[in-house]
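Colleague: turn this into a model:
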Amino acid sequence: MSDHPNDSELVAAALGGDAAACAQIGGQETLNWLHAVLVKRGASHSEASDIAADLIADCFGGKNGKPPLLEKYNGKGKVRAFLTRAAINRLIDYKRHAKFQGQLPSRNLDSAPTDEFDMLAGEDGASPPDEDQLVGLIRDALVHAISRCDPLHLLLMRLVVVHGVKQDAVGTLFGWSQSKVSRAISSVMTTIKEETMAELKAADPWLELEWEDFLSLCRSSTGFLVGASSS
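Modeller: Numbers count the residues shown, from 1 in each chain. Got it, this is the predicted structure:
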């Protein structure tokens, strides 16, 4: 994607009908890469091919009167991270729908007709296909992980990593050596990583989301931390 200085300009060009930009975003290389991403995260080869093809098609022309998916790209992060997020969302939606179908109880054919969705107690029906499934999953997992951290170590990490206070200054404040502060920060960051991934696995055991994926997706959208905007 070297013909454009940044991904925002590439997307704008593609939405404007630039054939080269469209090919760079939706070409065979992207399809192959999305296919690999989806298979790695639990999709069969046929599922991955279908999801990737539909995703690319929707990038340039939405279904049922919806705008092209690329119009949702906000310029934060790479287009590749945006497509990763969209593809995994669709895989989650597909798997949950498949699981839901498998859980539908059998119905007596002599009984009165009923909506099969009403036969599952507590179910509200399928989620909207464009709902960002990953936002809730990751945000909940991160909140859980933070709750498992040592409060003091978490405070030290926030002072140094979030607010930019130097470690030696933090050490002086708490009467700790700089190496002890460093170990405390490393400990809390390890806890966040391990607890987040464990919670994600517990929430969706089939979803093989790796830590690097988590970081990339968080960089591409603050929605993972603060939720969707109400505006």
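Colleague: could you use CA atoms for every contact and neighbour count after this?
Modeller: Noted.
Colleague: run a quick neighbour tally on the nearest residue to H45 once chain neighbours are set aside.
Modeller: Distance criterion CA to CA, 6 or more residues apart in numbering; nearest residue to H45, sequence neighbours excluded, is V39 at 6.3 Å. Using other CA atoms under 10 Å, V39 has 17 other residues around it.
Colleague: average pLDDT for the strand or helix carrying V39?
Modeller: Taking DSSP states H and E as the criterion, the element that holds V39 is helix 28-40. Across helix 28-40, pLDDT averages out at 89.
Colleague: buried residues in the helix or strand harbouring K201?
Modeller: Element membership for K201 (DSSP H and E) is helix 178-203. For helix 178-203, the neighbour count (16 or more other CA atoms under 10 Å) marks 178, 181-182, 184-185, 187-189, 191-193, 195-197, 199-200 as buried.
Colleague: what does stretch 43-53 give?
Modeller: Quick answer for stretch 43-53 (16+ other CA under 10 Å): A43, E47, A48, S49, I51, A52, A53.
Colleague: so who does the fourth one touch?
Modeller: Counting by CA atoms under 8 Å, 6 or more residues apart in numbering, S49 touches L31, H35.
Colleague: just the CA coordinates of the helix or strand hosting it, formatted as PDB?
Modeller: Here S49 sits within helix 45-60, counting by DSSP H and E. Output of helix 45-60 as PDB, limited to C-alpha atoms (Å, rounded to 0.1, in the frame of the first residue of the first chain):
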ATOM      1  CA  HIS A  45     -11.200 -23.100   5.500                       C
ATOM      2  CA  SER A  46     -14.600 -22.800   3.900                       C
ATOM      3  CA  GLU A  47     -15.900 -20.500   6.700                       C
ATOM      4  CA  ALA A  48     -12.800 -18.300   6.400                       C
ATOM      5  CA  SER A  49     -13.100 -18.000   2.600                       C
ATOM      6  CA  ASP A  50     -16.800 -17.000   2.800                       C
ATOM      7  CA  ILE A  51     -16.300 -14.500   5.600                       C
ATOM      8  CA  ALA A  52     -13.300 -12.900   4.000                       C
ATOM      9  CA  ALA A  53     -15.000 -12.700   0.600                       C
ATOM     10  CA  ASP A  54     -18.200 -11.100   2.100                       C
ATOM     11  CA  LEU A  55     -16.100  -8.700   4.100                       C
ATOM     12  CA  ILE A  56     -14.200  -7.400   1.100                       C
ATOM     13  CA  ALA A  57     -17.400  -7.100  -0.900                       C
ATOM     14  CA  ASP A  58     -19.000  -5.100   1.900                       C
ATOM     15  CA  CYS A  59     -16.000  -2.800   2.100                       C
ATOM     16  CA  PHE A  60     -17.000  -1.200  -1.200                       C
END
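Colleague: angle of it against helix 28-40?
Modeller: 130 degrees (axes from the mean of the first three to the mean of the last three CA atoms, to 10 degrees).
Colleague: who are the packing partners of the helix or strand following helix 45-60?
Modeller: Counting by DSSP H and E, the next helix or strand C-terminal to helix 45-60 is helix 79-103. Judged by 3 or more CA pairs under 8 Å, 6 or more residues apart in numbering; DSSP states H and E, helix 79-103 is in contact with helix 28-40, helix 45-60, helix 133-147, helix 211-220.
Colleague: okay, buried residues for helix 79-103 please.
Modeller: For helix 79-103, the buried set under the neighbour-count rule, 16+ other CA under 10 Å, comprises 79-95.
Colleague: gap between it and the chain center?
Modeller: 10 Å (CA atoms, centre = their mean, to the nearest Å).
Colleague: where in this structure is pLDDT low?
Modeller: For the chain, applying pLDDT under 70 flags the ranges 1-5, 98-134, 205-209, 213, 216-231.
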